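> Any chance you could fold what I've pasted below:
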Amino acid sequence: MPNLLSIKRRFFILSVAFNFSSFFIFDSILKFLVMRKILSLIVTFLSVVLLLSGCSLSYKIKRNPDSVVKGYVAPGFEEVKQEFINNYIHRNENGAALSIYYKGEQVVDLWGGYSDALTKKEWEEDTKVIVFSTTKGLAALCLAMAHSKGWLDYNERVSKYWPEFAQNGKEDITVKQLLAHEAGLCLVDEEFEIGDLTDFEYIAEIMARQEPLWEPGIQHGYHLSTMGMYMNELMRRVDPKERSIGVFFAEEFAKPLELDFYIGLPDSISNEELAKVYYPSIGQFILNINKMPKKMRKDFRNKESILYRSFKIPEKFSPNNRLTQSVEMPSGNGIGDARSIAKLYSIFSRGAKEFDFDEETFSLLKQPAVVPTKGAFDIVMGLDTYFSYGFIKPGPDFIYGDNSSVFGTPGAGGSFGFADPENEIGYAYVMSKMGLYLVNDPREVALRKAMYRCIEKLKNNHND
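Numbering: from 1, shown residues only. Coordinates of the predicted model:
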């Protein structure tokens, strides 16, 4: 039996230990709360700075529009410039660029605001910015060229060109199904980081092993991140020179057309030439979440949802990080200016005769999307979508253009590039302040609608 003194000593030791533990637990909790408070203050500070920068721009542009907005508009397109100005006054624009080609001629070339809203560095004529999924459309043009050259058949199975792809139920997936987001390959079971994209062979092995989430061809869901990786490997397999999409784009499009756009940013482009992208603040996200489809709002809060998990592919993606910018990610890291995107789409809107583009391929791109068996509902995005040959086509939830021949892709935050063959338009809008709309960002919509109004007036005047 322990004596009373022994019990007291043990009780004293336990008390001291408990008090020290309590102190350390309390100290850890306190540090955690302080850190959360600091982070909250940082977020609030950045939000206020961005808000004030927007207010200062609005005030500045009201006094003297030409001090903020630079560039050129052809006669008849003045309304487009006014809407570009209105974006800074009424729609909280911070920095952006817009380019429009009509019938082969550049009729709008505008830029303005800040390339960095925090430092108030001005957006220059040669400023470049990441355009996220607007990149997908440019990558799809590369594959369209492969089809035009006879390297690739959209109706052929992917496994014909990439034998290792024929695993885990993917044997019969066609190129057309893959590019229409019908393959069920939105996710990747094996984790990898952004830097791993430099190793094409490693990524190809991972993607080839992936099992579809649904029976390919019966429904569709947006392949947010994975699409570019599948497109890249497909291009490497069919191109006689085994070029990636980034290299093909640089050699076949950018060099001959003198485009300032890159899928894989080279070291020769300095950080001074790049705009910094700013995500919406937590407050803005909460206040505007109802602008997203109901299913998307729900899935953003569900860590097991396809959408939530898609945003984690690859790990450590960060748009302002040089590593993220330098790798090739055709699904979402293209960097360049608006005029380069618009110029390329302009050429393809007129049949790309400069590239001996096949008329049959051109005809396919202009066709309406074919809806999968289960309908147009996108199980990832939570709304009806219409995909075809790597592009998004117009539909009830996303009407762009005044005809069904248009093809292009929008990007996260508001950027958008597309071709309108019927009107011979090449269009591109890019920005640094990301919006919260899934499609139809009010800034971009205002510019696009103004463009079509101007063109309609020009047509009417010509007919008179």
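> ranges for the strands of the stretch 351-464 of the chain?
Remark: strands assigned in the stretch 351-464 of the chain by DSSP state E, counting those that start in this stretch are 387-388, 391-392, 407-410, 416-420, 425-431.
> buried residues in the longest strand along the chain?
If you go by DSSP state E, the chain has its longest strand at strand 105-116. Within strand 105-116, the residues scored as buried using 16 or more other Cβ atoms under 10 Å are 106-116. Bear in mind the C-beta positions are built from the backbone N, C-alpha and C, glycine included.
> which one of the strands of the stretch 351-464 of the chain is the most hemmed in?
Of all the strands of the stretch 351-464 of the chain, strand 425-431 has the most neighbours on average by mean count of other Cβ atoms under 10 Å, namely a mean of 29.
> give me the low-pLDDT residue ranges for the protein?
1-55, 464 (pLDDT under 70).
> hang on, the earlier thing: got the strands of the stretch 351-464 of the chain as a markdown table, with distance to A140 columns?
Compiled in a markdown table, the strands of the stretch 351-464 of the chain are given as follows (distance: least, Cβ to Cβ, whole Å):
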| stretch | distance to A140 |
| --- | --- |
| strand 387-388 | 9 |
| strand 391-392 | 5 |
| strand 407-410 | 7 |
| strand 416-420 | 11 |
| strand 425-431 | 15 |
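> quick one: which of these is nearest Y102?
Closest to Y102 of the strands of the stretch 351-464 of the chain, according to Cβ to Cβ: strand 425-431, at 5.8 Å.
> hang on, the earlier thing: could you list every helix and strand that the longest strand of the chain packs against?
helix 4-63, strand 69-73, helix 78-90, strand 95-102, strand 121-122, helix 338-349 (3 or more Cβ pairs under 8 Å, 6 or more residues apart in numbering; DSSP states H and E).
> strand partners of the very next helix or strand once past the fifth one, parallel vs antiparallel please.
As assigned by DSSP states H and E, the chain's next helix or strand after strand 121-122 is strand 129-130. Paired with strand 129-130 in the same sheet, following DSSP bridges, are strand 335-336 (antiparallel).
> what angle do the longest strand of the chain and strand 69-73 make?
Our comparison of strand 105-116 with strand 69-73, counting by axes from the mean of the first three to the mean of the last three Cα atoms, to 10 degrees, yields an angle of 170 degrees.
> wait, F200 sits on R237?
No. Assessed by Cβ atoms under 8 Å, F200 is found out of contact with R237, at 10.7 Å.
> ok, those two, which is more surrounded?
R237 (19 against 15; other Cβ atoms under 10 Å).
> hang on, that one packs against Y161?
Yes. Proximity of R237 to Y161 meets the contact threshold set by Cβ under 8 Å, at 4.4 Å.
> hang on, the earlier thing: looking at the buried residues of strand 105-116, which one is closest to L152?
Q106 (31.1 Å).
> Quick check: bridge partners of that closest one?
Y101.
> Please report how far it lies from L213.
43 Å (Cβ to Cβ, to the nearest Å).
> do P314 as well
With Cβ to Cβ as the criterion, P314 and L213 are 18 Å apart.
> Looking at these two, which is more packed in?
Each of P314 and L213 has its neighbours counted (other Cβ under 10 Å); P314 has more, 20 against 16.
> ok, and the closest non-adjacent residue to the more buried one?
Distances taken as Cβ to Cβ, 6 or more residues apart in numbering put I194 closest to P314, at 4.8 Å, once the chain neighbours are dropped.
> Equivalent analysis for V129, please.
Nearest non-adjacent residue to V129 (Cβ to Cβ, 6+ apart): A275, at 4.0 Å.
> Pull the number of nearby residues for L364.
Neighbours of L364 (other Cβ under 10 Å): 17.
> How many residues are close by the closest residue in space to K449 that isn't next to it in sequence?
Using Cβ to Cβ, 6+ apart and skipping the chain neighbours, the partner closest in space to K449 is E83 (8.0 Å). With neighbours defined by other Cβ under 10 Å, the count for E83 comes to 20.
> show me where the stretch 201-350 of the chain has helices.
Using DSSP state H, counting those that start in this stretch, the helices of the stretch 201-350 of the chain run over residues 226-238, 245-248, 255-257, 282-288, 294-300, 306-310, 322-326, 338-349.
> how about JSON lines for those helices, with distance to K393 added?
Listed next are those as JSON lines, based on distance: least, Cβ to Cβ, whole Å:
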{"stretch": "helix 226-238", "distance to K393": "16"}
{"stretch": "helix 245-248", "distance to K393": "21"}
{"stretch": "helix 255-257", "distance to K393": "25"}
{"stretch": "helix 282-288", "distance to K393": "26"}
{"stretch": "helix 294-300", "distance to K393": "20"}
{"stretch": "helix 306-310", "distance to K393": "21"}
{"stretch": "helix 322-326", "distance to K393": "29"}
{"stretch": "helix 338-349", "distance to K393": "14"}
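> Please identify the deepest-packed of those.
Comparing these on average neighbours, where mean count of other Cβ under 10 Å defines a contact, helix 338-349 leads with a mean of 27.
> could you check the angle strand 95-102 makes with that helix?
Using the same axes, to 10 degrees: helix 338-349 against strand 95-102 is 30 degrees.
> other SSEs contacting helix 338-349?
strand 95-102, strand 105-116, helix 134-148, helix 255-257, strand 261-262, strand 416-420, strand 425-431.
> Of these, which is nearest E171?
helix 134-148 (20.8 Å).
> Give the next helix or strand downstream of that closest one.
Next along from helix 134-148, by DSSP H and E: helix 158-161.
> Next secondary structure after that next one?
helix 175-179.
> now for that following helix, which elements pack on it?
helix 158-161, helix 226-238.
> quick one: contacts of that helix?
Contact with helix 175-179 is made by 140, 143, 152-158, 161, 183, 185, 216-217, 227, 230-231, 234, 387-390, as judged by Cβ atoms under 8 Å, 6 or more residues apart in numbering.
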